[in-house]
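I would like to see how this sequence folds:
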Amino acid sequence: MSRRKKPESIESDQNPFALSTGDLMSGLMFIFVLLLAALMLQIQRQNDKTQNQIKDYNRIKQEIYVDLKKEFGKDTLKWNAKIDSAKLSIRFQKQSALFDYGKIELKNDFKEILDDFFPRYMKLITKEEYRNNIEEIRIEGHTDSRGSYESNMELSQGRTRSILNYCLNNNMPDTTLDSATTLAEWAKFRITANGLSYSHLIRNSDSTENFELSRRVEFRIRTNAESKMEEILDSLQSKD
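This next block holds a predicted model:
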């Protein structure tokens, strides 16, 4: 009598470690979904962080601008100055009251303005809620486009250095910010003199150059939030 051969399929079905192709694919899909969810969570957290940084940047900038308006709003007319919210700058626009033509020495009228303006300006921007957020105070000199770029660069740089020297030597309040830092020490690491020639002209509504307004001096605040924003933009561009 012949023996009946046992089917191979019965033997394989009894292997507790055997997985079907469907089970394997389901497991891989589940792992993929977990990884995708983790990635999406990381992206969301990064987006939230970016949005918070942008909010901080806008808040600090707006608060400084409001304080500048409160402190100097009534003075801008007599100084022929303008407060720029976008650049956080105070622009002294009447060049004839600032310097003689082609000269770098401050006129007495401008010295009187700086005597009034600069101590109040430093007191405002070194308030506890601002001073750790300020990266640079730029004294910027601008010219119109008449003359060569190089000669105007030399002129604008000389003028901003004259302003910087006058302010540091004559108008720096004798104030201590904390136990280790005086206002003068804080300022010397942040105030810079920047001659820009005619690289940033001011134009009329018809796009022609406004020669009078292009000749100007600006005190501009650069917050550290701006550098953080630049880092964010750089990181986004590198991903593209």
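
quick check: longest helix of the chain.
helix 21-72 (DSSP state H).

tell me, how many neighbours does the closest residue to T182 other than its chain neighbours end up with?
Nearest non-adjacent residue to T182, counting by CB to CB, 6 or more residues apart in numbering: T176, 5.3 Å away. Where C-beta positions appear, they are placed from N, C-alpha and C, glycine not excepted. Using other CB atoms under 10 Å, T176 has 12 neighbouring residues.

From A184, how far off is T176?
Note on T176: its distance to A184, by CB to CB, to the nearest Å, is 10 Å.

How much space separates F117 from K78?
As judged by CB to CB, F117 and K78 stand 11 Å apart.

Which one of those two is surrounded by more residues?
Using other CB under 10 Å, the more surrounded residue of F117 and K78 is F117, with 21 against 9.

Helix, strand, or coil at the more buried one?
helix (DSSP: H, G, I helix; E, B strand; the rest coil).

isn't it right next to F72, touching?
Yes: between F117 and F72 a contact is recorded at 7.3 Å, counting by CB atoms under 8 Å.

which residues are in contact with both of those two?
Shared contacts of F117 and F72, defined by CB atoms under 8 Å, 6 or more residues apart in numbering, comprise I90.

Point out where the chain drops to low pLDDT.
1-19, 43-56, 226-240 (pLDDT under 70).

need the helices for it, in chain order.
8-13, 21-72, 76-79, 108-125, 128-131, 149-170, 183-188, 211-214, 224-239.

and those helices as TSV, adding distance to Q93?
Putting the helices of the chain into TSV (distance: least, CB to CB, whole Å) gives the following:
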stretch	distance to Q93
helix 8-13	90
helix 21-72	14
helix 76-79	9
helix 108-125	12
helix 128-131	25
helix 149-170	14
helix 183-188	24
helix 211-214	6
helix 224-239	24
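
for the ones you listed, which one sits closest to L196?
helix 149-170 (5.9 Å; CB to CB).

which helices and strands does the closest one pack with?
helix 108-125, strand 134-142, helix 183-188, strand 191-195, strand 216-223 (3 or more CB pairs under 8 Å, 6 or more residues apart in numbering; DSSP states H and E).

buried stuff in the second one?
So that's strand 134-142. Within strand 134-142, the residues that qualify as buried by neighbour count (16 or more other CB atoms under 10 Å) are 134, 136-142.

need those in a markdown table with distance to I191, can you?
Output for these, formatted as a markdown table (distance: CB to CB, whole Å):
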| residue | distance to I191 |
| --- | --- |
| I134 | 10 |
| E136 | 8 |
| I137 | 5 |
| R138 | 8 |
| I139 | 7 |
| E140 | 12 |
| G141 | 14 |
| H142 | 17 |
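
hmm, back to that, isn't the residue nearest to T182 up against W186?
No: here T176 does not reach W186: they are 9.9 Å apart, not a contact under CB under 8 Å.

Please compute how far the longest helix of the chain lies from its chain's middle.
The chain centroid and the centroid of helix 21-72 are separated by 20 Å under CA atoms, centre = their mean, to the nearest Å.

between it and strand 134-142, how many degrees?
60 degrees (axes from the mean of the first three to the mean of the last three CA atoms, to 10 degrees).

about what we covered before: list just the one of the helices and strands packed on helix 149-170 that sits closest to S89.
Closest to S89 of those, according to CB to CB: strand 216-223, at 3.9 Å.

which helices and strands sit right next to the closest one?
helix 21-72, strand 89-92, strand 134-142, helix 149-170.

Please name the nearest non-neighbouring residue to M172.
Leaving aside its sequence neighbours, M172 sits nearest to A184 (CB to CB, 6+ apart; 5.0 Å).
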